[in-house]
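1. missing the sequence, but the structure's below:
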């Protein structure tokens, strides 16, 4: 396997990952700390998934890679899917700890 992602390609991947992280931070909500967590998790996940998609999945298929051996179309699709998954999981996790708002307490009894 030939790993030849250049410096410009890696820089483009990191910039795209940070952009997806910013989008995730806007969509997650629920406080500054939770937004920063979502941004960091999404940026790291998008970088890792982008490397795998560009170098392993699409690198062996011979797809045209315009920016220093980075398959941008594949990275964009993988980053969007990764961002959606991270946002959905983090939103689900943030609502899991709160008791139901319909007149019930955490123990299941009526308030």
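-> On my side now, so go ahead. None of these values were measured; they are calculated from a predicted model.

2. what helices or strands is the helix ranked longest in the chain leaning on?
-> Counting by DSSP state H, the longest helix found in the chain is helix 72-96. Packing partners of helix 72-96 (3 or more C-beta pairs under 8 Å, 6 or more residues apart in numbering; DSSP states H and E): helix 7-28, helix 32-51. The C-beta positions use only the backbone N, C-alpha and C, and glycine is treated the same way.

3. what is the mean pLDDT for the shortest one?
-> Model confidence over helix 32-51, given as mean pLDDT, is 91.

4. Which elements pack onto it?
-> With contacts taken as 3+ C-beta pairs under 8 Å, 6+ apart, helix 32-51 sits against helix 7-28, helix 72-96.

5. how much does it deviate in direction from helix 7-28?
-> 140 degrees (axes from the mean of the first three to the mean of the last three C-alpha atoms, to 10 degrees).

6. returning to that earlier point: and the longest helix of the chain, what's buried?
-> 72, 74, 75, 78, 79, 82, 83, 86, 87, 90, 91, 94 (16 or more other C-beta atoms under 10 Å).

7. Please compute how far it lies from its chain's middle.
-> The chain centre lies 5 Å from the centre of helix 72-96; the measure is C-alpha atoms, centre = their mean, to the nearest Å.

8. Please apply the same query to stretch 30-48.
-> Remark: stretch 30-48 is offset 8 Å from the chain centroid, using C-alpha atoms, centre = their mean.

9. Pretty sure residue 71 sits against residue 54.
-> Yes. Counting by C-beta atoms under 8 Å, residue 71 does reach residue 54; the two are 4.4 Å apart.

10. nearest to residue 58, of the helices and strands packed on helix 72-96?
-> Nearest of the helices and strands packed on helix 72-96 to residue 58, taken as C-beta to C-beta: helix 32-51 at 10.5 Å.
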